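Engineer: Pasting the sequence and the predicted coordinates here, then a few questions.
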Amino acid sequence: MAEYSSHFEKVLNFINIYQELINCHLVDFITDKLWDKCIPEKLKSELESVNTIDDIWTVNSMSSELNNFVQLTRSLSLESCPAVIHVDDLAKLLPQFLNKEQSVRNKLIHFKFELMNAKKSYEIEVLGKLIAEMALSTNSLVIDAGAGKAYLSTYLSEHFDIPALAIDSSQVCQKGAVNRQEKIQRRKQSLTKVRYIVQELNDTTDYNSIVNKNYPDWYLNKNLILTGLHTCGMLVHSTIRSFLRSKDINILFIVPCCYHLVDESLSGNWNFSKNARMLAQQSIERSKHNKHVSPSLFYRSVLQVVLHSMGRYNAKVGRGGPLDNFADYAKWALSKIGIDNKQIPSVDLLQQIYEDHRHFEPKLRLFQMLRIYISSVVEAAIMLDRIIFLQNSIQCSKVMIVRLFDPTLSPRCYAIIAIK
């Protein structure tokens, strides 16, 4: 669709304008003077009059420049892209695959999800319903790439008798999936059509041969569905390329996640830094709901001042430190990166450094809120890059992005569907 390309172009233009704000890292907020460096003057001036962090989440309280910025980021998110499909409208666009299997919906109404948390149960219900209908209407076998504990595969097999091939690189996940399946089988005294495979997946994976080996009686004839629930990082690109390469994989239905682990563009139209990809992982909906920024963000930026004063410029601290006060956090962090106790500043000195920089904290919080708004634009770029790559392939008859989940429950809520 032309709408995807048009939206992608607008998104890339925005990213080019705000690249310093996108590519920066909050640990450098004080030391690199990011407030002055990354925010346009008019917007910065208006932000300095914002009294509370809640103001930035309330459109009516925003001044003109800030409101324009927020509205622009919203208009460039996937939610505002006219070509993105809501899950409730999917059946209208794919009538040949959906709306034919009423029995699927009836079973789903009464299905109680076992041995899963509420979030996973919700995701399996939504995605599983659609995959089940597609598989039943096309008599397809489902390949669950990056299956983890194979919740989706087990669900398809147990409740709809759909053959499913669950593939994951983790031996631990495979053992967990098998143990879980055995418990269900003992209780229900039923057989399973799931096959569990431990294998690294990449661009060269031959899914056809894996199917032939594990389902020797399966006649391959464009009757494979390649799916993945929260397919991680580069595995998304591998599944897309495998889908295009294999004549027997007729449907691709994946829900990507872990944008920060993707180190390439499929379309060749962008090259994001790791900081930008990390930013895409943020969730506006959850941030609005929680309205809470961990003190660790500001503590880490003040710690950077301490580290620079000690001649340490590339230290990686990580998470998990005490957050009751800055001095305890700093002592923990400095000890963690290997600084001798004799070289660690005193509690009084650490606390004084913190007090000297405390006036930066409200600005850092507002700065982070701006970046969270931008996160939806960066996410749009990453997802649209993949869609345009698929669109440019002459093999696809339909390509679409679908808003599959409620983002407050499942922040990585967008799926990619491609059909040959």
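Structural biologist: Good, I have the coordinates.
Engineer: which residues touch stretch 300-309?
Structural biologist: Residues outside stretch 300-309 that contact it (C-beta atoms under 8 Å, 6 or more residues apart in numbering) are 26-31, 313, 315, 317, 326, 329-330, 333-334, 345, 350, 353-354, 357, 360, 364. (Each C-beta comes from the backbone N, C-alpha and C, glycine too.)
Engineer: What's the PyMOL line that selects buried ones from those residues?
Structural biologist: A single PyMOL command selects the buried members of the contacts of stretch 300-309 (16 or more other C-beta atoms under 10 Å):
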select buried, resi 26+27+28+29+30+315+317+326+329+330+333+334+345+350+353+354+357+360+364
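Engineer: In three-state terms, label the residue located most distally from the centre of the chain for me.
Structural biologist: The C-alpha centroid of the chain is most remote from Lys342, which lies 42.5 Å away (C-alpha atoms, centre = their mean). What DSSP: H, G, I helix; E, B strand; the rest coil gives for Lys342 is helix.
Engineer: Confidence-wise, which helix or strand of this structure is lowest on average?
Structural biologist: Taking mean pLDDT, DSSP states H and E as the measure, the chain has helix 102-110 as its least confident helix or strand, at a mean of 55.
Engineer: elements contacting the helix or strand following that helix?
Structural biologist: Remark: after helix 102-110, the chain's next helix or strand is helix 118-138, criterion DSSP states H and E. If you count contacts as 3 or more C-beta pairs under 8 Å, 6 or more residues apart in numbering; DSSP states H and E, helix 118-138 packs onto helix 102-110, strand 141-145, helix 151-160, strand 224-232, strand 249-257.
Engineer: among the ones you listed, which is nearest Cys38?
Structural biologist: Shortest separation from Cys38 across the helices and strands packed on helix 118-138 is recorded for strand 249-257, at 27.0 Å, computed as C-beta to C-beta.
Engineer: Okay, now the sheet partners of the closest one, with direction.
Structural biologist: Paired with strand 249-257 in the same sheet, following DSSP bridges, are strand 224-232 (parallel), strand 414-419 (antiparallel).
Engineer: For the lengthiest helix in the chain, give the mean pLDDT please.
Structural biologist: The single longest helix within the chain, with elements called by DSSP state H, is helix 361-391. Averaged over helix 361-391, pLDDT sits at 94.
Engineer: do stretch 408-420 as well
Structural biologist: Mean predicted confidence for stretch 408-420 is 95.
Engineer: what comes up buried for that stretch?
Structural biologist: Buried residues in stretch 408-420 (16+ other C-beta under 10 Å): Ser410, Pro411, Arg412, Cys413, Tyr414, Ala415, Ile416, Ile417, Ala418, Ile419, Lys420.
Engineer: residue contacts, the third one?
Structural biologist: Which is Arg412. Arg412 touches His230, Val255, Pro256, Cys257, Phe405, counting by C-beta under 8 Å, 6+ apart.
Engineer: how many neighbours does the second one have?
Structural biologist: By the measure other C-beta atoms under 10 Å, the count of residues near Val255 is 22.
Engineer: residue ranges with poor pLDDT in the chain?
Structural biologist: For the chain, the stretches with pLDDT under 70 are 1, 50-63, 99-115, 173-174, 176-177, 180-191, 289-293.
Engineer: can you map out the strands along it?
Structural biologist: All strands of the chain, identified by DSSP state E, fall at 85-86, 141-145, 164-168, 194-198, 224-232, 249-257, 398-403, 414-419.
Engineer: could you dump the ones you listed to TSV with distance to Phe69?
Structural biologist: Below are these laid out as TSV (distance: least, C-beta to C-beta, whole Å):
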stretch	distance to Phe69
strand 85-86	26
strand 141-145	38
strand 164-168	42
strand 194-198	47
strand 224-232	30
strand 249-257	27
strand 398-403	23
strand 414-419	23
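Engineer: so which of those gets nearest Val178?
Structural biologist: Val178 sits nearest to strand 194-198 of all the strands of the chain, at 5.9 Å, using C-beta to C-beta.
Engineer: got the CA coordinates for that closest one in CSV?
Structural biologist: Output in CSV follows, covering the C-alpha atoms of strand 194-198 (Å, rounded to 0.1, in the frame of the first residue of the first chain):
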residue,chain,number,x,y,z
VAL,A,194,3.4,-30.8,18.6
ARG,A,195,7.0,-31.6,17.7
TYR,A,196,9.6,-29.8,19.7
ILE,A,197,12.9,-29.0,18.0
VAL,A,198,16.0,-27.3,19.5
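Engineer: separation between the nearest residue to Phe29 once chain neighbours are set aside and Ile382?
Structural biologist: In space, and not counting its chain neighbours, Phe29 is closest to Ser301: 4.4 Å by C-beta to C-beta, 6 or more residues apart in numbering. Here Ser301 is placed at a distance of 26 Å from Ile382 (C-beta to C-beta, to the nearest Å).
Engineer: Give me the buried stretch members for stretch 264-282, please.
Structural biologist: Result for stretch 264-282 [16+ other C-beta under 10 Å]: buried residues 265-267, 269-270, 272, 275-282.
Engineer: what pairs with the residue sitting nearest the centre point of the chain across the strands?
Structural biologist: With distances taken as C-alpha atoms, centre = their mean, Cys257 lies nearest the centre of the chain, 3.1 Å away. Judged by DSSP bridges, the bridge partners of Cys257 are Cys232.
Engineer: how's the chain carved up into domains?
Structural biologist: The record's domain parsing of the chain by the TED database lists 1-76+292-372, 79-283+378-419.
Engineer: rewinding a little: if you tally nearby residues, what's the number for the residue nearest to Phe29?
Structural biologist: Ser301 has 23 nearby residues by other C-beta under 10 Å.
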